[in-house]
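Peer 1: Sequence and predicted structure are below.
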Amino acid sequence: MKSGKISVIVAVLFYLISLSAYAAPQPIKTPSEGIVETGQQIAQVRFMLEVYSVIGTGIKYHKPRERLTRAIETFEQTLANLQQVENPAIQKAAAKAQEAWKPVKKALMSAFEKRDPAAMKKDALTVHADIRAVIVELEKIKDLFLQQAKFAHAPQINAAIEIAASARRLSSHYMMKMWGVPDPTIDEHWNNGMKKYQAALKELESSPVSKDPVIAPLLKTCDNEYKYFQTISDLGDDFVPVLVERHAKKIYETADKMVLHLLEMDKKK
């Protein structure tokens, strides 16, 4: 494939991702749409913890309260869309995710109130503890969509979704540590995030899709960004939150492009 054609494809994918990032989620009509929306929210529910922590530290870069508002609205619209999917198992998991979301949302909303730092940190602990139950149900839904579609590239799609989620996992725990949230599991979760990221990279790098002209440069970017987070972990208390946020966002968007392209590859089979 000529480089010009590759550039056009990448540009189209970037446009689609831009729409998904800022437009309200649309009703889910196909398994592919369900995979994209669910995969994004598996990452974005962690992003909410990241932004909440940024607000707690007093950083005002890039309007964190507005970003948290948009993230909450998009997440809730996705949950509503999932509950309308004509699949009882998906509806059941979405209803469980909705129930698990309630205490998370309540804690997140404290970011819009005048609270002392200690109280906000307590709510950060609640979010950190309770988002797992939400993520478990979203993972079930994502797997159900993949089973329904029977995609040939299901393992690679899963790996790309995991890279996006790992990026948000790393950035959220970085911000929690910077803020000084009294959670002894932060380092454990960071290390786990790095392991999951690396495993997902290996899954994609060992697959034939790694030679695809669209996937190859995206995968290279994710590999380079993994090395960046390796470096960050060695900086100790010399925190660089704006850089970490930018790099996590880059990984999330790059991985999302891979998911979209892998889905397109399966449609053509």
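Peer 2: Thanks, I have the structure now. Residues are numbered from 1 along each chain as shown.
Peer 1: OK, contacts around residue 123?
Peer 2: Residue 123 sits next to 52, 107, 108, 110, 115 when contact means Cβ atoms under 8 Å, 6 or more residues apart in numbering. C-beta coordinates here come from the backbone N, C-alpha and C atoms, glycine included.
Peer 1: Looking at these, which one is closest to residue 224?
Peer 2: Residue 224 lies nearest to residue 52 out of those, by Cβ to Cβ, at 28.2 Å.
Peer 1: Can you show me the helices along this structure?
Peer 2: Listed from the start of the chain, the chain has helices (DSSP state H) covering 3-22, 31-57, 64-82, 88-108, 117-149, 154-179, 186-205, 215-232, 241-267.
Peer 1: now these as a markdown table including mean pLDDT?
Peer 2: Shown next, in a markdown table, are the helices of the chain (pLDDT from 0 to 100):
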| stretch | mean pLDDT |
| --- | --- |
| helix 3-22 | 39 |
| helix 31-57 | 96 |
| helix 64-82 | 96 |
| helix 88-108 | 97 |
| helix 117-149 | 95 |
| helix 154-179 | 96 |
| helix 186-205 | 96 |
| helix 215-232 | 96 |
| helix 241-267 | 94 |
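Peer 1: What degree of burial does residue 74 show, as a neighbour count?
Peer 2: Neighbour count of residue 74, defined by other Cβ atoms under 10 Å: 20.
Peer 1: you'd agree it is up against residue 45?
Peer 2: No. Taking contacts as Cβ atoms under 8 Å, residue 74 lies outside contact range of residue 45: 10.5 Å.
Peer 1: Tell me which residue is most central in the chain.
Peer 2: Centrality entry for the chain: nearest residue to the mean C-alpha point is residue 43, 1.7 Å, by Cα atoms, centre = their mean.
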